[in-house]
Every structure is written in structure tokens, then in C-alpha cells.
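A.B. asks: A predicted structure for the sequence below; I have some questions about it.
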Number of protein chains: 2
Amino acid sequence: MSGDPLFLEPFWMEHAASSAVLISGWHRMSYTFYDKSFISQQLENHVRRVHEVAKNAVTKGKYVLFGVGSTQLLAAAVYALSMNLSSPASVVASSPYYPLYKFQTNYFENKRFKFDEDTSLSSNSSYNTEANVIEFVTSPNNPDGNLKEAVSQGPLVRVIYDHAYYWPHFSAIPSPANEDVMIFTMSKLTGHAGSRIGWALIKDEQVYEDMNTYISVSEMGISREAQLRALQLMKAILDGNGTDIFDYAYKKMSYRWKKLSEIVSLSSRFSIQEIPPLFCNFFEKVRGPSPAYAWVKCEREEDTNCNEVLRAGNIIGREGSLFSDEDRYVRLSLLKSDDDFNLLMDHLSKLVAEENGAKTAWIF
Amino acid sequence: MSGDPLFLEPFWMEHAASSAVLISGWHRMSYTFYDKSFISQQLENHVRRVHEVAKNAVTKGKYVLFGVGSTQLLAAAVYALSMNLSSPASVVASSPYYPLYKFQTNYFENKRFKFDEDTSLSSNSSYNTEANVIEFVTSPNNPDGNLKEAVSQGPLVRVIYDHAYYWPHFSAIPSPANEDVMIFTMSKLTGHAGSRIGWALIKDEQVYEDMNTYISVSEMGISREAQLRALQLMKAILDGNGTDIFDYAYKKMSYRWKKLSEIVSLSSRFSIQEIPPLFCNFFEKVRGPSPAYAWVKCEREEDTNCNEVLRAGNIIGREGSLFSDEDRYVRLSLLKSDDDFNLLMDHLSKLVAEENGAKTAWIF
């Protein structure tokens, strides 16, 4: 355990024995486990094993910190990495990027950091080497699914790698990720977004301690029920040889990408991102794309608002400007039920058929 | 639902259908319920019913907002109440007070608010009427168990009532609380601190929306598993006439206070706080004290560090300075297992016996 002991200890000592109907035989109500940790050691061990099977991250020599979804850990990382700096940190991300980074950083209105819309400064090699920069990198990227690297340069750049989608489901795994601060989430591993469980792999002890303090001060740990759910999910994943979920999810997402690509190939109005085939450390072969999202571009000069074009065809996506890019782009989620996905393909087929002069729907 | 729709909607649309082993028949993985709310409406209804039975808060005309323990809601309230002010708010609490208020407010280093150690300014009736003040009031108070009112004066004072202990367990309920912002927690109702479930009753819609935004931006909702646990607990509480838990908990805490008082009455070295008998709206009669904590004072002039005195007698409490009071005071938790409570009484009896010249222990 860590954080300010003055702060934490009083609460460890309080677990009300005040309920006749509820307490009997139930010793797991307290803030902490018997080892005084907020987190189940068993859960941590299982997370390490899942990464070993997926071959997507080096956990050896890393601290594991759990949070209320990756959302909380992103904030915790910014708070931790901006401590004890000589000047406030610029928080940056290169476009297109997941909008939460900006919303969250701006929302907190903290004295130690501020969001900077423009990465042209921090990515310039002649940039002020005294500048403190915290860069968010989503890899594979949300919205476009491509593997991404930090663009900022300088000795005081610190990077938060959001690896929510770095699973064989969504991307080739060229090698196990081994960065200083890496964030994962149950939401994109099994889909259990509502359980609000994420975890960070952290190399530096002080950063781990500082992130832990953020979680302690803002919420005094995370729900045991959520931890229990996460443990059961990890056990389900590891059942058998532990690769079933990845095989299944890759096939499913890969199939969807193929279907989408077939439709878009008939269009000159719409295009989607290119994701190159890559050697995958998990599948031990070169594999094609299976991203979580399509990053659709409206190619016609007049279609500056691509979302409107798609909405006219009964397709609801997220406009490019939300990801700090042009509204000529729209993100479509492929993380849907089969029914929803099939509807999406149906509506898109109709749009493409109309573009090609057909008045009747092109049946997918 | 509320918060910035640009921010929230993308995530409502994402619930991964990517897991063969885990997803089948399980439609409750998403961030939100079918009504697009982060929170179970059933849980909210049960919380309202529990307050009706306990007669401790007016829920009619109030919004109910859930958070990751009351801890998160305290932060959410400060963020919400400091929005759109002409100048930064001073956050205050009158001593002795729960240390988290200061730790949390200071930790966030926000531009919109700062913690002010001194309430002598805000409590002065000639105080600058343009000053923005946010006052935390714990009632019954942690550490001393007394019902407490705000001390700050002025038109721009806003109060966060932390009613964690405002249950028949711990205090007379003179009337149902009916303040603008009131915070409760499962931790002190049933003891399930580890589930991290708290809720706020909020009168003003905008404050509700702003607190909700804090929770959305920092964590995108709270764990469904924790919500399910809370719902089961509320159902257990409401089983039968719904008063069993309060009867039991009051008897338990009242008995403990009586035992403690008996020992302290033999001492001239130690004293504990006085809590006057009060008419209780729940029990419909005048009732005596049953606080969650003893606020012990070392009466001897030389005992300026009361915690050391108690530690020498194998009693570990929390020093007064943690609660922004003198170290002549120590908080002892009475929210323990029977075994722990009996040990505490045993050790305290020995200390008192020694004080009275006995070399052997006074057997309790």
C-alpha cells in the first residue's frame, strides 16, 4: 500500500460491524483485503497471466495498478506525471485522437497541467528542451486502428500509452509492449465496460505510488464486486489454453472488416483507412486488419460534413472533429451486436448503390 | 443522462461483442442500461425507500446521484459548486473535521477552489459578502459524533452536508435532513465500504448535472457489480418492516458507548465527548448517544500528545491534529468487530486502573 499513510490508515481501521442482517459470515466488506491492499493479489496475478498468453505486454518488472476503468487511470497518470515539475506540463495527443484526453485534462483545470491542441510545437526537434510534455498515445489508435508512436521530442517528454485495443482482437501484435506507462481495460478485452475495471502497467515505482495516491484520494480504492467480476472473467479467458477468446474475436472482427471493405471498394464516394498487414507475435504469422472502428472518409469535395451524408443513409457515426480531425471523417463502431453490424452493412450498401445510380437497394 | 453529449455518446455505442466465452446471453456489459442511464433505476427507488423508513432525509424533489463511495461524491460536489464563479472558492470546514476534505481539495490543485484552514473569516458575519465559500459539514460529525451546522455566513456560501453517519445507528434523527446537497454512503449504512457505493441527494438540477459530469469525465459511471450489490443490500434492509437493521445497530452502538462511558467515568485522566440525549424521529422517543467514534481527551496538562499515552497502553487511535484539532484529542473507532471492541475496552480499563494506582488490571 502506498499514498499518504496519515490519510489512508484511518479508513483501513473502520469496517462497521453494525448490521445484523448483513454482516454474518461476511468479512469482506472493508476497504481493504487482509494484506491491507485495496486490490486482490489473485486478480493481479491473473492479469499478468492473460498478458503472457496474449503476448501483448511485458509485465515483468512492472507494477500493476487497477482503476475504475481505464478512464480513471488516464487521469491518474496525468496527475502523477505532472508532479514536482518546474513548470506546468503541456498535455498533447496527435490528431486524430480519443476525445476524452482533451475533455478530461481541460475539465480538471489543474494548476500543474493544461491541454495543448497543437502538437506542432512539441514534435519539433528544436523544441524547448526545458518544456514538460505529457503525450497520450492510443495504439492501436482510436479512431483509426493504426499502431501509433509518440510525436513529441525532448528530454522532458513523458508518454501515456493507452493500449485499450492492443489485443489480438483488434490488431497485429508486433511485439509485447514495454513502455513505462501502459493502460489496459476490461471494456475492450471482454466488453465488460459497465464493470469499470482497467489496469496500468507501470515501470517506475514513484509513478506507481503517485497514481495510486490519485486513486486513494479521489475514491479510496475500487469496488470489490468489480474486482471479483474481473477475476472471474480472467479465469474464463485462461480456461483451456487461454487463446480461444483471441481466436474468436480476431475472426469476428476480421470478418467484419472484410465485409465492410467489400462494400466500400464499390464506392468512389467513401473510403476507409488502410491498415497494413503485419507479423503478429500472437498468431505467429502475418495477419490482416481487424480494427474496432472504421475511419470513414467522404471523398467528394462538397462532402465536408461526412456525418450528415451518412445520417441521411440512416448511419449514425461520430464526426471527425470530435477526434480533432476534419468532419470529412466519421468514425463507425464495429463493436456491435451482429444485428447492429448487419444493419450497418445494409444501410451502407444502399448508400453505395445509390451513388452508383441504382434506385433500389444493393442487397448485401 | 447528462453531461456533455459529445463526450458521452460515443461510448454508449460501444459494447464489444467480441468474446465467445463470455458474451453469450449477457447483455449487461455496456456502460449504460437500456434507458441509457449509468445507474439502475431500481437501485435509486430502493435508496429512496430506505430513507423513508429511516426518516433521516427528504428525498422528494431531490435528484439521486451515485458515486464510487461518498469519497468521489465529495470531490464531485466541490467541482460542481465551484463552477462559473467570479473568483475561486474557499473550501472550509470547522475543526475538528474529517481530514479527507482538506487532503482531497488540496490534492486536486484546481484553479477554481482552494482549501482554507481558517473558518474565522468565513464565519464572521461582517465577512466579505462577495466571497465564494464552500463549507463541508459532517453531521453527525466525524470525529465527535455531534450534530453540526455550517458556520460560514454570507450569500455565496454553499454547504456540502456529509450525512454518512446520519442513521439511527449513530445518532438521534431530530428530523429528516432537507439540505441542498447531502451525501450518504453504503459504507456507514451496512458497513460495505469495499463496494464503493455512495449517493448524493441534490435539490438543484444544475448542481446535479455538474456533479454527474464530474463522475462521467473522471470515470464514465460506476461499476454495475457494485450497483447490484447495493441493490441486494437495500432489499435486505427493506425486508420485513425495514427497521431491523436500525434497531440492531442502535442497540449495538449504544451498548458500546455505555461500556466505554463506564470505564471513562472512573478516570480523571481521560474524558470523552458529551452527546446530549435528543428526540429521535425514527424511534419516536428521546434517545441517548451511540456514536461511531469516541473523541478522547487527555485531561492532564502534560499529556499534550494523547495518542502516545494511549499507544503506551496498546491502544491505536488517530491523533487530533489529523482532524485539525489539538493532539490532546484522539479518535477511537467503535466500528469494529466485537473481539476488537472488547480488546479496546480491556486495554482502556488497564490504563484507567493504573491511573488509579492499581498495578494489576481492572478486569472489565
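C.D. replies: Alright, I've got the coordinates. Numbers count the residues shown, from 1 in each chain, chains lettered A, B, ... in the order given.
A.B. asks: use CA for all of it now, contacts and neighbours both
C.D. replies: OK.
A.B. asks: And for the nearest residue to A:Met29 once chain neighbours are set aside, the neighbour number?
C.D. replies: Counting by CA to CA, 6 or more residues apart in numbering or on different chains, A:Met29 lies nearest to B:His192, which is 4.4 Å off, once chain neighbours are set aside. Neighbourhood size, B:His192 [other CA atoms under 10 Å in any protein chain shown]: 30.
A.B. asks: Equivalent analysis for A:Gly154, please.
C.D. replies: 18.
A.B. asks: Find the nearest non-adjacent residue to it, please.
C.D. replies: Nearest residue to A:Gly154, sequence neighbours excluded (CA to CA, 6+ apart): A:Thr129, at 5.3 Å.
A.B. asks: can I assume the one you found is in contact with A:Ser123?
C.D. replies: No: counting by CA atoms under 8 Å, no contact exists between A:Thr129 and A:Ser123, whose distance comes to 11.3 Å.
A.B. asks: need the contact list for the residue nearest to A:Gly154.
C.D. replies: Neighbour list for A:Thr129: A:Gly154, A:Pro155, A:Leu156 [criterion: CA atoms under 8 Å, 6 or more residues apart in numbering or on different chains].
A.B. asks: Where does it sit: helix, strand or coil?
C.D. replies: Following DSSP: H, G, I helix; E, B strand; the rest coil, the label given to A:Thr129 is coil.
A.B. asks: which residues touch the closest residue in space to A:Tyr63 that isn't next to it in sequence?
C.D. replies: Spatial nearest neighbour of A:Tyr63, chain neighbours left out: A:Ile202 (5.0 Å); criterion: CA to CA, 6+ apart. Contacts for A:Ile202 (CA under 8 Å, 6+ apart) come out as A:Lys62, A:Tyr63, A:Val64, A:Leu65, A:Asp180, A:Val181, A:Met182, A:Tyr208.
A.B. asks: does the fourth one have beta-bridge partners, and which?
C.D. replies: What that stands for is A:Leu65. Residues in a beta bridge with A:Leu65, per DSSP bridges, are A:Ala200.
A.B. asks: What about it, how many residues nearby?
C.D. replies: For A:Leu65, using other CA under 10 Å, the count is 19.
A.B. asks: Tell me the pLDDT of it.
C.D. replies: Note for A:Leu65: predicted pLDDT of 95.
A.B. asks: before we move on, what about the first one?
C.D. replies: Model confidence at A:Lys62, given as pLDDT, is 97.
A.B. asks: That one is in contact with A:Lys203, isn't it?
C.D. replies: Yes: contact criterion CA under 8 Å: A:Lys62 and A:Lys203 qualify, at 4.7 Å.
A.B. asks: Okay, now the unreliable bits of the stretch 151-300 of chain A?
C.D. replies: Within the stretch 151-300 of chain A, no stretch has pLDDT under 70.
A.B. asks: quick one: the helices in it?
C.D. replies: Under the criterion DSSP state H, counting those that start in this stretch, the stretch 151-300 of chain A contains helices at A:186-189, A:205-219, A:224-238, A:244-265.
A.B. asks: contacts for the third one?
C.D. replies: Under the contact criterion CA under 8 Å, 6+ apart, helix A:224-238 has outside partners A:39-40, A:42-43, A:46-47, A:49-50, A:186, A:190, A:195-197, A:243-245, B:21-22, B:194-196, B:223-226, B:229.
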